[in-house]
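Chemist: got a sequence here, can you build the structure:
(one chain, ligands or ions: 1)
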Amino acid sequence: MWHPAAIAVVAATATMMRDEWRAAGMSQGIIREGRYTRQARAFGVCSRCLPISWMGEARLPSASVPAMAVNMTWEDAWREGRTRWDAGSSPPVLRRLVDDGSLPAGRAIVPGCGTGYDLLTLSRVVERVVGIDLAPTAKRAFDARVEERGLDPSRTQYLVEDFFAFEPEAPFDLFWDYTFLCAIEPERRTDWARRVDELLAEGGELITLIFPVVDQPINPGGPPHPMSPDLVCSLLEPRWEATHLEPVEVSHPGREGKEWLGRWRRRAQG
Ligand SMILES: C[S@@+](CC[C@H](N)C(=O)[O-])C[C@H]1O[C@@H](n2cnc3c(N)ncnc32)[C@H](O)[C@@H]1O
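Modeler: As a prediction, this is how the structure comes out:
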């Protein structure tokens, strides 16, 4: 039996967390080893139990998007439309980079590409862009958009597989990360940095739109896990150096002031 005082503390904590989630306009759920669980959701956070909550209200009116359900994988979340991270378009800064012609033109890779807005945006300027996501439903949404808009799919390839196990035909010239690094479990970040090294060609460029850059976690335990420019530097150094690292001026609604653009080049071996 639980002591009444313990029950009161748990209830107060749960109420406080719920109110924080609501105040931030975020969905709720819990991920444990890739699956969300009701138990973890009820009792908050531990190192193996990651409360899922997303993010700003980027695609309005996302309040109408239901919260994540229990026992849910990424694919479950996509299938049920519980995808508040989905902003409905590429971030403004990516569109600006495309328009100002400052991106490498060769092969690009986009991990955790979701419904693939960034694949289509990048396909305007790169020769080929490969998106990778675990969720078949996200790919179907991408395929439907391509067909509906009569877009030429020849420059895009969407693979449903685990980014960490992906074996490319050839190295890439551009690695674009937006809302993937913050979505993976923190223990996998060094694997992410290793993959950057493995997948980018000599002379290739990593471009990260670092989000959410916040002092306090949006949601204790994440995701989205709090990010910072220093954190990304520490993952990439000493092999990579930042050629640009600054806050962005324009973001999706709800994400203003929480995004930094980083551009990275492999450091010359000395
Ligand atoms: C937060 S969502 C971001 C989606 C997209 N970048 C966007 O901004 O809309 C993270 C995505 O990463 C995918 N994902 C998570 N782990 C993955 C992995 N190991 N390999 C490939 N995709 C993964 C999820 O299915 C999900 O679509």
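Chemist: now for the residue nearest to residue 133 when sequence neighbours are not counted: which residues touch it?
Modeler: Distances taken as C-beta to C-beta, 6 or more residues apart in numbering place residue 113 nearest to residue 133, at 5.2 Å, with adjacent residues excluded. Bear in mind the C-beta positions are built from the backbone N, C-alpha and C, glycine included. Listed by C-beta atoms under 8 Å, 6 or more residues apart in numbering, the contact set of residue 113 reads 119, 131, 132, 133, 138, 142, 158.
Chemist: rerun at 6 Å
Modeler: Counting by C-beta atoms under 6 Å, 6 or more residues apart in numbering, residue 113 makes contact with 119, 131, 133.
Chemist: also residue 264?
Modeler: Residue 264 sits next to 206, 236, 240, 242 when contact means C-beta under 6 Å, 6+ apart.
Chemist: inside strands: which ones of those residues?
Modeler: Members of the contacts of residue 264 lying in strands (criterion: DSSP state E): 206, 240, 242.
Chemist: what's the distance between the second one and residue 188?
Modeler: Going from residue 240 to residue 188 by C-beta to C-beta, to the nearest Å gives 18 Å.
Chemist: more neighbours, the two?
Modeler: Under the criterion of other C-beta atoms under 10 Å, the comparison of residue 240 against residue 188 puts residue 240 first, with 21 against 15.
Chemist: would you list the ones in strands among the contacts of residue 264 in TSV and tack on pLDDT and distance to the ligand?
Modeler: Shown next, in TSV, are the ones in strands among the contacts of residue 264 (pLDDT from 0 to 100; distance: C-beta to the nearest ligand atom, whole Å):
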residue	pLDDT	distance to the ligand
206	98	15
240	97	21
242	97	21
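Chemist: for those, which one is nearest residue 91?
Modeler: Relative to residue 91, the closest of those is residue 206; by C-beta to C-beta it sits at 16.2 Å.
Chemist: what's the distance between the closest one and residue 228?
Modeler: Distance, residue 206 to residue 228, by C-beta to C-beta: 17 Å.
Chemist: higher neighbour count, those two?
Modeler: The residue with more neighbours, out of residue 206 and residue 228, is residue 206; 24 against 14, by other C-beta under 10 Å.
Chemist: my guess is the more buried one contacts residue 197, does it?
Modeler: No - applying C-beta atoms under 6 Å as the test, residue 206 and residue 197 come out as separate, 9.5 Å apart.
Chemist: quick check: neighbours shared by those two?
Modeler: Here residue 206 and residue 197 share no contacting residue, scored by C-beta under 6 Å, 6+ apart.
Chemist: sketch out the low-pLDDT regions of the stretch 151-270 of the chain for me.
Modeler: 219-222, 270 (pLDDT under 70).
Chemist: who in it is up against the ligand?
Modeler: Residues of the stretch 151-270 of the chain lying near the ligand by C-beta under 6 Å from any ligand atom: 162, 163, 164, 178, 179, 180, 183, 184.
Chemist: from those residues, list the buried ones, please.
Modeler: Among these, those buried by neighbour count (16 or more other C-beta atoms under 10 Å) are 163, 178, 179, 180, 183, 184.
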